[in-house]
Every structure is written in C-alpha cells, then in structure tokens.
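**Q** curious how this folds, go ahead:
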Amino acid sequence: MAKEKIEEIIVGLFKEKPILNEISPDQDFFDFGASSLTIVDLQIQIEEALKIEVPTSKLMSNPTIQGWISAYSETAA
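**A** Residues are numbered from 1 along each chain as shown. Sure, this is the predicted structure:
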C-alpha cells in the first residue's frame, strides 16, 4: 500500500475523533489530551482499514500522526 494512502486513512480516522480532529501531524496525542483507550481504539480502526498490524508498543512510543504513518508505512513495505 502506498504511503499516501496510509496517510490519508490515518489522518481521516484521527479527524473523526473530536478530541483529536485539530491535532497537527507532529503533536503528541497524550499532550493533546488523548487517553490510551482512545489511541487503542484508533489503532484497531486503522488496522482494520489498512489490513496491517503494528505492535501497540511501537505505536505508543511514537504518539504522533507522523509517527504512526511511518510505522504503518514501514510495516507495509
């Protein structure tokens, strides 16, 4: 899957979450007020849409939209 498509899906799903719809790609989710439950919910939605799985620990250590795009793009490659 192309990185652009991965980015489109991830950004789209983040925009659906009221607490995260204004977040910039380099802002930390937790600094923005997201809970770990919100993040895991997004992970599940993203993985269903992309058909790609990334360990939760890897995503939690990269808590930005850009970090997640990179993690899913690397896994897809």
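**Q** what average pLDDT does stretch 31-39 get?
**A** For stretch 31-39, mean pLDDT is 88.
**Q** who's in contact with it?
**A** 17, 19-20, 23, 29, 59-60, 63 (Cβ atoms under 8 Å, 6 or more residues apart in numbering). C-beta: built from backbone N, CA, C; applies to glycine.
**Q** may I ask which helix or strand encompasses residue 42?
**A** Residue 42 is part of helix 36-50, with elements assigned from DSSP states H and E.
**Q** could you dump that helix to PDB, C-alpha only?
**A** Provided in PDB are the C-alpha atoms of helix 36-50 (Å, rounded to 0.1, in the frame of the first residue of the first chain):
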ATOM      1  CA  SER A  36      -4.600   5.300  25.900                       C
ATOM      2  CA  LEU A  37      -8.100   3.900  25.300                       C
ATOM      3  CA  THR A  38      -8.700   6.400  22.500                       C
ATOM      4  CA  ILE A  39      -5.400   5.600  21.000                       C
ATOM      5  CA  VAL A  40      -6.000   1.800  21.000                       C
ATOM      6  CA  ASP A  41      -9.500   2.400  19.500                       C
ATOM      7  CA  LEU A  42      -7.800   4.300  16.700                       C
ATOM      8  CA  GLN A  43      -5.200   1.600  16.300                       C
ATOM      9  CA  ILE A  44      -8.000  -1.000  15.800                       C
ATOM     10  CA  GLN A  45      -9.800   1.100  13.300                       C
ATOM     11  CA  ILE A  46      -6.600   1.900  11.300                       C
ATOM     12  CA  GLU A  47      -5.600  -1.800  11.300                       C
ATOM     13  CA  GLU A  48      -9.000  -2.900  10.000                       C
ATOM     14  CA  ALA A  49      -8.900  -0.300   7.300                       C
ATOM     15  CA  LEU A  50      -5.200  -0.900   6.200                       C
END
